[in-house]
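Chemist: Quick one, fold the following:
(one chain, ligands or ions: 2)
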Amino acid sequence: MASVIPKLESLVVNVSNQLSPGEEPSRAGAVTPGIKRLSRPLGAIDIPHITIRSICCIGAGYVGGPTCAVIAHKNPHIKVTIVDLNAARIAAWNSDELPIYEPGLDEVVKSARGKNLFFSTDVDAGILEADLIFVSVNTPTKIKGIGAGFAADLGYVESATRKIAEVAKSDKIVVEKSTVPCRTAQSMRYILEANAKPDIHFDILSNPEFLAEGTAISDLFYPDRVLIGSLDTERGRSAAASLADVYAGWVARDQIITMNLWSSELSKLAANALLAQRISSINALSAICEATGADIDEVSYACGLDTRIGPKFLKASVGFGGSCFQKDILNLVYLSESLHLPEVATYWKQVVEMNEYQKRRFTNRVISCLFNTLTGKKIAVFGFAFKKDTGDTRESPAITLVNYFREEKAYISIYDPKVEESQVWMDLTEPGVVDETEIVKKQVSIAANPYEAAAGADAIVICTEWNDFRETVLDYERIYASMKKPAFIFDGRLILDAKKVSEIGFKVETIGRPRTTFVQSRDFE
Ligand SMILES: NC(=O)c1ccc[n+]([C@@H]2O[C@H](COP(=O)([O-])OP(=O)(O)OC[C@H]3O[C@@H](n4cnc5c(N)ncnc54)[C@H](O)[C@@H]3O)[C@@H](O)[C@H]2O)c1
Ligand SMILES: O=c1ccn([C@@H]2O[C@H](COP(=O)(O)OP(=O)(O)O[C@H]3O[C@H](CO)[C@@H](O)[C@H](O)[C@H]3O)[C@@H](O)[C@H]2O)c(=O)[nH]1
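Modeler: Ligands and ions are numbered 1, 2, ... in the order given. Here you go, the predicted structure:
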């Protein structure tokens, strides 16, 4: 696998003159009868196109699973088969315990599974049968080789693409669902055409996914937009029309947008970069609030009322996590560097650096409030998932914080309502290091509930904004009674009514609000 990665990457960043005549992406304003392109909705389809009867999705992960389950649920006439090499994951999709937690997902899967929705490890059979194939495999940040730490590892995309070329015996529409660097579709086309059987044609579309974890089902049911990128050729437009029909099973036509392939690929990276940038901006301002007496929630509210800014994604936090934001921004940084645009690269990199700073800054505040030492102290960590309503811990800020606390020789007790215990040990250890879990367990334990986590603790640190941690849900008086005194709460998610909780006796420290306790050098109040 590793040996093919540089090949694909070099194609991705060096293809400026490699399109065939007549296959140049459309120019601004070009309108094809029946298809409105370039940010305009896809209207009534009056160009010939095939009706999709069978879909295969390669990759049964956080995106492939929910997205294609919803497609099946909303299109009972389409057979949808989701395939994956991971047999345990497929077995879980076929069981009562789905492999991912997502509100509403169980109902959607149960409505269609066994009727027109199937989960299988038989990748070849899925490909053979399908008219349209989603490639929804992982595209993690490369950890070795050229671009390590920044570039997307396209090995899984390449491998899935080669498999399609090897197996297909009829024309296929191949859809990039994974988040990929700009011009990956070109690389996929080279691979498909170079390996295809005679007289078999592949059309490639980009159809990035914008769902957020925790709200995946409602995001899929009511998307802000569905984006389809295609070549501006007759075949490209026709393939886009076929995919648009699938979404039109439940999405209004004027929300289905078509544009050129490269705009579509870049729009996905751009949307994530812009969202993450808002969080880093508000987190940077939270540091100013803490030092001045301003309140970040009030600042967010005031700014968000400006209709040009809007209120969403302005919640200060202990830092953004999740499998996408950091990975996709680093991908954009790498793309910018590959295109010899160092200033652009530096600009976006700062969004990630600010996020790292926020996690360090919050940890420093915990240490400083706890009288400048964590040695031997017990810290209860409330929440380990990267956000509420998911069991996903990828890039969760809680992992970074727990590691910082460990370095300070604290004992840490973690409670999260959805994260599996085995996942916590995986996240806190290096892969392949023998017996490391046993070493970690000397300092870290997993609690069955928040009361157990907090018992005997010096401080609670709220890392995830689960509703379960609000003072309206938890009995903080009981928790206070069980803790060492002074008992601290560090609210890294702005979910508590600090006044109410401090009335119980807690010392409450909230991100983006001035310090209330043990201020040595300056009186901020
Ligand atoms: N997680 C999200 O919320 C989200 C949202 C939008 C877009 N994305 C993007 O979607 C893509 C998938 O993300 P995810 O979170 O679903 O990843 P994931 O790791 O949960 O799932 C990917 C799956 O693909 C399978 N796979 C890899 N190579 C395969 C192959 N050759 N054949 C069959 N199966 C194969 C893996 O076994 C895995 O189960 C990524 O590019 C990601 O950036 C993710
Ligand atoms: O105001 C905010 C909003 C979010 N977050 C944090 O940001 C991270 C990401 O949250 P969110 O964007 O809601 O979840 P994701 O599942 O990572 O979804 C993002 O990444 C997906 C993968 O590309 C995209 O499809 C989605 O559109 C995009 O929102 C989480 O740690 C949140 O707690 C904040 O700190 N403050």
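
Chemist: For residue 227, grab phi and psi.
Modeler: As for residue 227, its main-chain torsions (degrees, to the nearest 10) stand at phi -110, psi 130.

Chemist: what residues are up against it?
Modeler: When the contact criterion is Cβ atoms under 8 Å, 6 or more residues apart in numbering, the partners of residue 227 are 206-208, 210, 257-259, 264, 267-268. Just so you know, the C-beta spots here come from the backbone N, C-alpha and C atoms, and that holds for glycine as well.

Chemist: let's see 7 Å
Modeler: Applying Cβ atoms under 7 Å, 6 or more residues apart in numbering, we find residue 227 in contact with 207-208, 257, 264, 267.

Chemist: Just the buried ones among these, please.
Modeler: Of all these considered here, the ones buried according to neighbour count by 16 or more other Cβ atoms under 10 Å are 207-208, 257, 264, 267.

Chemist: measure the residue in the stretch 51-200 of the chain positioned nearest to ligand 1 to residue 90 for me?
Modeler: The stretch 51-200 of the chain approaches ligand 1 most closely through residue 61 (1.9 Å), counting by Cβ to the nearest ligand atom. Between residue 61 and residue 90 the distance, using Cβ to Cβ, to the nearest Å, works out to 11 Å.

Chemist: returning to that earlier point: the residue of the stretch 51-200 of the chain closest to ligand 1 falls within a strand, correct?
Modeler: No - Residue 61: not assigned to a strand; according to DSSP: H, G, I helix; E, B strand; the rest coil it is coil.

Chemist: rewinding a little: can you flag which of the buried ones among the contacts of residue 227 belong to strands?
Modeler: Residues of the buried ones among the contacts of residue 227 located in strands (DSSP state E): residue 257.

Chemist: Quick one: name the residues of the stretch 251-400 of the chain near ligand 1.
Modeler: 323-324 (Cβ under 6 Å from any ligand atom).

Chemist: for the stretch 251-400 of the chain, what spans make up the strands?
Modeler: Along the stretch 251-400 of the chain, counting by DSSP state E, counting those that start in this stretch, strands occupy 256-260, 378-382.

Chemist: So which elements touch the last one?
Modeler: Strand 378-382 is packed against helix 397-407, strand 411-415, helix 450-454, strand 459-462, with contacts defined by 3 or more Cβ pairs under 7 Å, 6 or more residues apart in numbering; DSSP states H and E.

Chemist: Also the first one?
Modeler: In terms of contacts (3+ Cβ pairs under 7 Å, 6+ apart), strand 256-260 is packed against strand 226-230, helix 234-247.

Chemist: Which among those is found nearest to residue 413?
Modeler: With Cβ to Cβ as the criterion, residue 413 lies closest to strand 226-230 of the helices and strands packed on strand 256-260, at 43.5 Å.

Chemist: That closest one and ligand 1, are they touching?
Modeler: No - Strand 226-230 lies out of reach of ligand 1 by Cβ under 6 Å from any ligand atom, never closer than 11.7 Å.

Chemist: For this structure, which residue occupies the most central location?
Modeler: Using Cα atoms, centre = their mean, the residue of the chain that lies closest to the mean C-alpha position is residue 324, 3.6 Å off.

Chemist: how far away is that residue from residue 268?
Modeler: Noted for residue 324: a distance of 9 Å to residue 268, by Cβ to Cβ.

Chemist: tell me, what's touching these two both at once?
Modeler: What both residue 324 and residue 268 touch, as defined by Cβ under 7 Å, 6+ apart, is the set residue 179.

Chemist: sorry, back to before: make CSV from the helices and strands packed on strand 378-382 and add mean neighbour count to it.
Modeler: Putting the helices and strands packed on strand 378-382 into CSV (neighbours: other Cβ atoms under 10 Å) gives the following:
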stretch, mean neighbour count
helix 397-407, 21
strand 411-415, 23
helix 450-454, 21
strand 459-462, 26
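
Chemist: wait, residue 402 sits on residue 412?
Modeler: Yes - with the criterion set as Cβ atoms under 7 Å, residue 402 and residue 412 qualify as a contacting pair; they are 5.4 Å apart.

Chemist: residues near residue 165, how many?
Modeler: The burial metric for residue 165, expressed as a neighbour count using other Cβ atoms under 10 Å, is 20.

Chemist: from now on call the first residue 571
Modeler: Renumbered: residue one is now 571, and that last one reads residue 735.

Chemist: Find the residue closest to it in space, skipping its chain neighbours.
Modeler: Spatial nearest neighbour of residue 735, excluding adjacent residues (Cβ to Cβ, 6 or more residues apart in numbering): residue 765 at 3.6 Å.

Chemist: next one: residue 957
Modeler: Spatial nearest neighbour of residue 957, chain neighbours left out: residue 784 (5.6 Å); criterion: Cβ to Cβ, 6+ apart.

Chemist: can you check residue 693 too?
Modeler: residue 653 (4.6 Å).

Chemist: Show me what that neighbour bridges to in the sheet.
Modeler: Bridge pairing for residue 653 (DSSP bridges) gives the partners residue 628, residue 690.

Chemist: who are the neighbours in contact with it?
Modeler: The neighbours of residue 653, taking Cβ under 7 Å, 6+ apart as the test, are 626, 628, 630, 690-693, 696.

Chemist: any chance of the residues you listed in JSON lines, plus pLDDT, distance to residue 1087 and neighbour count?
Modeler: Rendered in JSON lines, the data for the contacts of residue 653 read as follows (pLDDT from 0 to 100; distance: Cβ to Cβ, whole Å; neighbours: other Cβ atoms under 10 Å):
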{"residue": "626", "pLDDT": "98", "distance to residue 1087": "57", "neighbour count": "26"}
{"residue": "628", "pLDDT": "98", "distance to residue 1087": "53", "neighbour count": "29"}
{"residue": "630", "pLDDT": "98", "distance to residue 1087": "48", "neighbour count": "26"}
{"residue": "690", "pLDDT": "98", "distance to residue 1087": "57", "neighbour count": "17"}
{"residue": "691", "pLDDT": "98", "distance to residue 1087": "55", "neighbour count": "16"}
{"residue": "692", "pLDDT": "98", "distance to residue 1087": "60", "neighbour count": "13"}
{"residue": "693", "pLDDT": "98", "distance to residue 1087": "57", "neighbour count": "18"}
{"residue": "696", "pLDDT": "98", "distance to residue 1087": "58", "neighbour count": "25"}
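
Chemist: The residue of the stretch 621-770 of the chain closest to ligand 1: neighbouring residues, count only.
Modeler: Residue neighbour count, defined by other Cβ under 10 Å, stands at 20 for residue 631.

Chemist: Report pLDDT for it.
Modeler: What the model reports for residue 631 is a pLDDT of 97.

Chemist: likewise residue 573?
Modeler: At residue 573, the predicted lDDT confidence score is 36.

Chemist: so which residue of the stretch 971-1095 of the chain comes closest to ligand 2?
Modeler: The minimum distance from the stretch 971-1095 of the chain to ligand 2, using Cβ to the nearest ligand atom, falls at residue 1035 (6.4 Å).

Chemist: Next, the contact list for the closest residue to that residue other than its chain neighbours, please.
Modeler: Leaving out its chain neighbours, the residue that sits closest to residue 1035 by Cβ to Cβ, 6+ apart is residue 1063, at 4.0 Å. Contacts were defined as Cβ under 7 Å, 6+ apart; by that measure residue 1063 touches 887-888, 1032, 1034-1035.

Chemist: Tabulate the residues you listed (JSON lines), appending distance to residue 1078 and pLDDT.
Modeler: Listed next are those as JSON lines, based on distance: Cβ to Cβ, whole Å; pLDDT from 0 to 100:
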{"residue": "887", "distance to residue 1078": "16", "pLDDT": "98"}
{"residue": "888", "distance to residue 1078": "15", "pLDDT": "98"}
{"residue": "1032", "distance to residue 1078": "10", "pLDDT": "98"}
{"residue": "1034", "distance to residue 1078": "18", "pLDDT": "98"}
{"residue": "1035", "distance to residue 1078": "16", "pLDDT": "97"}
